[in-house]
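J.: I would like to see how this sequence folds:
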Amino acid sequence: MPDASISDRLRQVTQHEVPGIAVAIAGPEGLRETAAAGYADLAAREPASPDMVCPWFSMTKIVTATLAMRLVGRGLLNLDQPVQPLVPELAVMRPRALAERITPRHLLTHSAGFANPIPVRWIHPAGQPGPDQAGLLARLLARHSKLRFEPGTRSAYSNLSTLTLGQAIASAAGAPYDRLAAGEILQPLGMRLTGFAYTPDMLARAATGYHPRRSPMRLLLPSWVIGPRTGRWLSFRRFLLDGAAYGGLLGPVRDAARFLQMHLRDGELDGTRILPAESAAAMRHITVTGKRYDLGLGWFRPASQRNADPPFVEHLGGGGGFFNLIRIYPAQAVGIAIMGNATSYPIDAIARLALTRT
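T.: Here you go, the predicted model:
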């Protein structure tokens, strides 16, 4: 059974901040425990569980970063060579001389200089096909073609960075990004309920996203995504993100814990090596500072927690109706994955519950 303090804390949060929440705590040896509280769907009174499927949103980025480093290990991608030959869509960026210097390392550390447009309408109904990924990237870069700073000089988080990295991955490996992520990361790790579209098994476990109904955020969203009200919550109909590489995954915390365990084991799980050990360690090493986040090669830490004790690296994933986190405390050899079906709630305090089980 889960530790009482974890279950009690989750129940406190679901009473006030989020309809349903699930956590999974893992160490190098495996899953230590899971816990859940509240409801995956309020109207149906479906309980939240560690197997409830939620959109990962930007937590997908750490999978994309891992895939990039896997290609680096194979010699298909060079961290320090200009990426424009792989991503011709970058030709619209200005100043051209700076854009031509952007490398995969800059994309991984969000130090390429891209703007970060709000992706609030980058979605489509779950039952419909999404846009062509290269075409989506081309349109977004054309709208936001001015680099904000010289690549490599600082970090500023941008979804455009990871969309560009996803296209570089696809070009370097000669296959679509989503197929590569599934075949190179998800399937070898046994993440059977995680993917870029709902399978029947995933749909049967899918959580409903919620947002406070009085919040003005609903005015920014496409009307088709707004679902029925339940008490003080406004529900969202199922949707998928337009850009797979920056935020397109769906899945449960139990699967996320498999991914977490692999990173705690420096790139290996159950005899399958996803990354060289030195690559997994390099991903956690913070090299570039920023106003909001300090970045390694994918993992980050909030700038406000540079002096956190104990130190950690993480990746958040939030959007309409859901808020998630995957965090590693390297010195304690423990990590936690959290998924909840509200746009915002106090996730940092929940992440620190991992330390009560070390």
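J.: only C-alpha atoms for contact and neighbour calcs from this point on.
T.: OK.
J.: and the gap between the spatially most central residue of the chain and residue 206?
T.: When C-alpha atoms, centre = their mean is applied to the chain, the residue found nearest the centroid is residue 59 (1.0 Å). From residue 59 across to residue 206, the span is 17 Å (C-alpha to C-alpha, to the nearest Å).
J.: on that earlier part again, so the residue nearest to the centre of the chain belongs to a strand, correct?
T.: No - checked against DSSP: H, G, I helix; E, B strand; the rest coil, residue 59 lies outside a strand; its state is helix.
J.: is residue 53 in a bridge, and if so with what?
T.: residue 206 (DSSP bridges).
J.: ok, it touching residue 251?
T.: Yes - judged on C-alpha atoms under 8 Å, residue 53 makes contact with residue 251 at a distance of 4.5 Å.
J.: what touches both of these two?
T.: 193, 194, 202 (C-alpha atoms under 8 Å, 6 or more residues apart in numbering).
J.: ok, of these, which one's closest to residue 186?
T.: residue 194 (7.1 Å; C-alpha to C-alpha).
J.: Could you check how many residues crowd around the closest one?
T.: 25 (other C-alpha atoms under 10 Å).
J.: State the distance from it to residue 25.
T.: 18 Å.
J.: now do residue 176
T.: From residue 176 to residue 25 the distance is 32 Å (C-alpha to C-alpha).
J.: These two - which one has more neighbours?
T.: residue 25 (30 against 14).
J.: And that one, how close does it get to residue 13?
T.: 18 Å.
J.: quick one: residue 134 and residue 244, what's the gap?
T.: Counting by C-alpha to C-alpha, the gap from residue 134 to residue 244 is 11 Å.
J.: who's more crowded, the two?
T.: Neighbour totals were compared for residue 134 and residue 244, and residue 244 leads with 25 against 17 (other C-alpha under 10 Å).
J.: Tell me which residues touch that one, please.
T.: 133, 163, 177, 178, 196 are the contacts of residue 244 under C-alpha under 8 Å, 6+ apart.
J.: Likewise for residue 36?
T.: So residue 36 contacts 7, 10, 20, 21, 22, 23, 48, 49, 50 (C-alpha under 8 Å, 6+ apart).
J.: quick one: contacts for the closest residue to the fourth one other than its chain neighbours?
T.: Using C-alpha to C-alpha, 6 or more residues apart in numbering and skipping residues adjacent in sequence, the residue nearest residue 21 is residue 340, 4.1 Å away. Residue 340 makes contact with 18, 19, 20, 21, 22, 54, 322, 323, 324, according to C-alpha under 8 Å, 6+ apart.
J.: and residue 340, what pLDDT?
T.: Per-residue pLDDT puts residue 340 at 98.
J.: any idea how far residue 209 is from it?
T.: For residue 340 relative to residue 209 (C-alpha to C-alpha), the value is 8 Å.
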